[in-house]
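Q: take a look and give me a structure for this.
(one chain, ligands or ions: 1)
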Amino acid sequence: MADIRLEGVGHSYDGGRTWAVKPMTWTWRSSRAYALLGPSGCGKTTLLNIISGLITPTVGRVYFDDRDVTGVPTAGRDIAQVFQFPVLYEEMSVYDNLAFPLRNRKVPKQEVDRRVRQVSHLLGLDQVLGRRSRRLDPGRQQIVSLGRGLVRSQVAAVLLDEPLTVVDPALKWTLRSKLKEIHRDTGHTLIYVTHDQTEALTFADEVVVVKDGEIVQAGEPAELFLSPAHEFVGHFIGSPGMNVVPGEVVSGVVRVGGTDVGRAGGGLPPGPVRIGVRPEFVEIAKAGEFRVFPGLPARVTGVDRMGAYDLVHTEAGGHKVIAKTEAGAPYRPGDGAYLHFPAERTFLFRDEVRCGSLAPMNGRGRA
Ligand SMILES: Nc1ncnc2c1ncn2[C@@H]1O[C@H](COP(=O)(O)OP(=O)(O)OP(=O)(O)O)[C@@H](O)[C@H]1O
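A: Modelled structure (predicted):
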């Protein structure tokens, strides 16, 4: 296991006109489980291929601890990779497929057997160890591929590129928790590429969010949810994503359509600002029942009854704001309401990047 350090690493497929991965400096720390999360085309696979050595970056150096591996091919990097689709020897048994990466490295027979049985047990493959791989369904074959990636204990990192795409949704949950179990057991450094937030949040110690070839925020799942540093993180994580309401900072106060919603924390200069607040934290009440200050007048435009909770859609100052409430919220389309954005959970953004937080209005709070 090693720290994997990218120093000024960037990659362009078109001679430097555009960057699939913008030059970045970043360290993947040894033994952590990372999720690399971002939409299609943001550069996740390119980044993974730079780490594995399938791509030599256009600029920058790659280090495994202090060893410069920038020009070292995949075979010399001690990396295990699992791809989106099964990569197996179809005529070999499941056992032999799992044993292959170990035998290839001359691991003693007893140790091969111990590791194969350990991994097969964790992945639920015990019953099919003797079966030829081509006789398994694609989901099972992918689980064997996953096992092949995890079977070696001495690797710099295990890279997983959307490894559960072909696996049945019900099985995905089980496999993710198995993967966590194997991670706890082996202490592998895992980098797991996905565009699915649930997959990322349930799997990783640390989620690294990528947009347009750039890391926009990295942190524990709760941190990304509670404290998004970039508008994109607010949208991409959470369901529904963060509300973003255009406003203005005037004399230190944040206004939406003429209503003061709080003070601008951190001495933010005057000018346009975007206010980000998750639906979970928007407080909503009917006009006569509002007990907090300040309140933004709004009109209810719709209510989604989700069973466990409701999503109350509103329009405030010409902008859409969703409030997530307990099930049975007493609202109907056309109702008037007031919204309150709690200071501790509301952030201010400029050029998509967080530039401050909302602060309570002076001397006034809850009634
Ligand atoms: N071999 C290639 N030649 C030219 N452009 C490429 C090549 N591979 C990727 N790209 C481009 O580089 C950018 C990043 O692609 P990449 O596959 O790394 O993203 P991704 O986040 O992994 O996407 P996906 O989830 O769809 O696999 C995209 O604009 C893509 O079109």
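
Q: from here on, just use CA atoms for contacts and neighbour counts.
A: Fine.

Q: burial of the residue lying closest to Ala157 once chain neighbours are set aside, as a residue count?
A: Among residues not flanking Ala157 along the chain, Thr189 sits closest, at 4.7 Å (CA to CA, 6 or more residues apart in numbering). Look at Thr189: counted by other CA atoms under 10 Å, it has 23 neighbours.

Q: from Ala33, how far off is Thr189?
A: Distance of Thr189 to Ala33, computed by CA to CA, to the nearest Å: 6 Å.

Q: before we move on, what about Val244?
A: Taken as CA to CA, the span from Val244 to Ala33 is 31 Å.

Q: cool, Val72 as well?
A: 24 Å.

Q: these two: who's more crowded?
A: Ala33 (25 against 14).

Q: which ones are touching the residue nearest to Lys172 when sequence neighbours are not counted?
A: Spatial nearest neighbour of Lys172, excluding adjacent residues (CA to CA, 6+ apart): Leu164 at 6.5 Å. Residues near Leu164 by CA atoms under 8 Å, 6 or more residues apart in numbering: Gln84, Gln142, Lys172.

Q: please report which of these has the highest neighbour count.
A: Of these, with other CA under 10 Å as the count, Gln142 tops at 24 neighbours.

Q: ok, it - contacts?
A: Contacts of Gln142 (CA under 8 Å, 6+ apart): Phe85, Pro86, Val87, Pro163, Leu164, Val166, Val167.

Q: which helix or which strand is home to it?
A: helix 138-150 (DSSP states H and E).

Q: show me the contacts for the closest residue to Thr70 other than its chain neighbours.
A: Using CA to CA, 6+ apart and skipping the chain neighbours, the partner closest in space to Thr70 is Val62 (4.9 Å). Going by CA under 8 Å, 6+ apart, Val62 touches Ile4, Arg5, Leu6, Glu7, Val9, Ile51, Asp68, Val69, Thr70.

Q: could you redo the last one with a cut-off of 6 Å?
A: Residues near Val62 by CA atoms under 6 Å, 6 or more residues apart in numbering: Arg5, Leu6, Asp68, Val69, Thr70.

Q: filter those to the buried ones?
A: Neighbour counting by 16 or more other CA atoms under 10 Å classes Arg5, Leu6, Val69, Thr70 among those as buried.

Q: the residue nearest to Ala157 against Ser31, yeah?
A: Yes: look at Thr189 against Ser31 with CA atoms under 6 Å: they come within range, at 4.1 Å.

Q: so can I have TSV of the contacts of Leu164 showing distance to Gly213?
A: Formatted as TSV, these follow (distance: CA to CA, whole Å):
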residue	distance to Gly213
Gln84	20
Gln142	28
Lys172	27
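
Q: any idea which of these is closest to the ligand?
A: Set against the ligand, the nearest of the contacts of Leu164 by CA to the nearest ligand atom is Gln84 (9.5 Å).

Q: on the three-state scheme, that closest one is what?
A: coil (DSSP: H, G, I helix; E, B strand; the rest coil).

Q: my guess is it contacts Glu162. True?
A: Yes: using CA under 6 Å, Gln84 makes contact with Glu162 at a distance of 5.1 Å.

Q: okay, buried residues for the helix-or-strand element of the chain with minimal mean pLDDT please.
A: Of the helices and strands making up the chain, the lowest-confidence element is helix 169-186, at a mean of 83, by mean pLDDT, DSSP states H and E. For helix 169-186, burial by neighbour count (16+ other CA under 10 Å) applies to Lys172, Trp173, Leu175, Arg176, Lys178, Leu179, Lys180, Ile182, His183.

Q: same deal with stretch 77-96?
A: Those would be 77-88, 92-96, for stretch 77-96 by 16+ other CA under 10 Å.

Q: do you have the helices of this structure handy? List them.
A: Along the chain, counting by DSSP state H, helices occupy 44-52, 94-103, 109-122, 138-150, 169-186, 197-203, 221-226, 231-236.
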